[in-house]
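Q: Fold the following, please.
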Amino acid sequence: MRFTFVPPAELRDPELGNANDSAEGETRGPDGSTSVDWSDDDWREAHDVNVRSAFLACQELAPRMAERGGGELILTAALDGIQPVPAPAHFAASQAALLGMTRALAKELGPAGVRINL
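A: Numbers count the residues shown, from 1 in each chain. Prediction:
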């Protein structure tokens, strides 16, 4: 089932016209859909796969590393969250979230000797 975005009445502005008229380099999914066509489940899945899974791994491994005096966690991500490349919004947002999470965890875990990099 496809989700179609219809903005609430208070967000509609007749002076803005069609938002697609001003879109440049828009990204479409394999089925031709754009970001506004994706459901909450699509958004959630991207974040579960790309951010939550990394967080759960760090949550599991970091305390063990700290108990042993330190260690290294290396996470991987795509450039889509930090570079202006055409990417689906939900994917780019999850990559940016992964970068932010990595930086925050590095500050938090560093004093325990656990290094984390992306």
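Q: Which helix or strand lies directly C-terminal to the longest helix anywhere in the chain?
A: In the chain, assigned by DSSP state H, the helix with the most residues is helix 89-109. Per DSSP states H and E, the first helix or strand lying C-terminal to helix 89-109 is strand 114-117.
Q: Check which residues of the longest helix of the chain are buried.
A: For helix 89-109, the neighbour count (16 or more other C-beta atoms under 10 Å) marks 89-95, 97-98, 101-102, 105, 109 as buried. In this view, the C-beta of every residue, glycine as well, is placed from N, C-alpha and C.
Q: Go through those residues and name the one nearest Leu118.
A: Proximity of those to Leu118 (C-beta to C-beta) peaks at Thr102, which lies at 4.3 Å.
Q: Just give me the closest of the buried residues of helix 89-109 to Asp41.
A: Asp41 lies nearest to His90 out of the buried residues of helix 89-109, by C-beta to C-beta, at 10.4 Å.
Q: okay but the closest one is in contact with Thr34, surely?
A: No: counting by C-beta atoms under 8 Å, His90 stays clear of Thr34, with 11.1 Å between them.
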